[in-house]
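In: Predicted coordinates and the sequence they were generated for:
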Amino acid sequence: MQVDEYDEKEDNYPLYWEPTYEIVLALMATHPGVDVNTVGMQQLLEWIVALPNFADDPAIVSEELLRTILREWYEETEETKA
């Protein structure tokens with residue numbers, strides 16, 4: 001698997017808070033076409049924790065990290081539109 005690809009069927013590929021880019025790729029695969037501008041922090045957290053391969057502790061996330069993930073998701077979405 002390439003770094004810039006995410007295969008949601010890959011059961012042995014755990015996701016952790018870092019690197020955030022892997023979470024972004026998983027979110028893009030799980031929620032294609034979503035308007036990232038409408039995603040709130042609580043919804044984002046719930047979506048991340050619900051990812052099939054998410055293996056980290058949800059309690060250790062900070063709002064700053066969630067903002068980073070949301071920003072990266074937005075930027076990645078904008079790049080794919082261009």
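Out: Nice, thanks for sending it over. Residues are numbered from 1 along each chain as shown.

In: where does this protein dip in pLDDT?
Out: Where the chain drops to pLDDT under 70, the residues are 1-12.

In: out of all of them, which helix in this protein is the longest?
Out: Using DSSP state H, we find that the single longest helix of the chain is helix 63-81.

In: Name the residues of that one that are buried.
Out: Buried residues in helix 63-81, counted by 16 or more other C-beta atoms under 10 Å: L65, L66, T68, I69, L70, E72, W73, E76, T77. Yep, even glycine has a C-beta here, placed from its N, CA and C like the rest.

In: got it, and stretch 17-29?
Out: W17, T20, Y21, E22, I23, V24, L25, A26, L27, M28.

In: Let me have those in a markdown table, extended by distance to T38 and secondary structure.
Out: A markdown table is the format used below for the buried residues of stretch 17-29 (distance: C-beta to C-beta, whole Å; DSSP: H, G, I helix; E, B strand; the rest coil):
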| residue | distance to T38 | secondary structure |
| --- | --- | --- |
| W17 | 23 | coil |
| T20 | 20 | helix |
| Y21 | 22 | helix |
| E22 | 23 | helix |
| I23 | 18 | helix |
| V24 | 16 | helix |
| L25 | 20 | helix |
| A26 | 19 | helix |
| L27 | 14 | helix |
| M28 | 15 | helix |
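
In: Among the buried residues of helix 63-81, which one lies nearest to G33?
Out: Using C-beta to C-beta, T77 comes nearest to G33 of those, at 9.2 Å.
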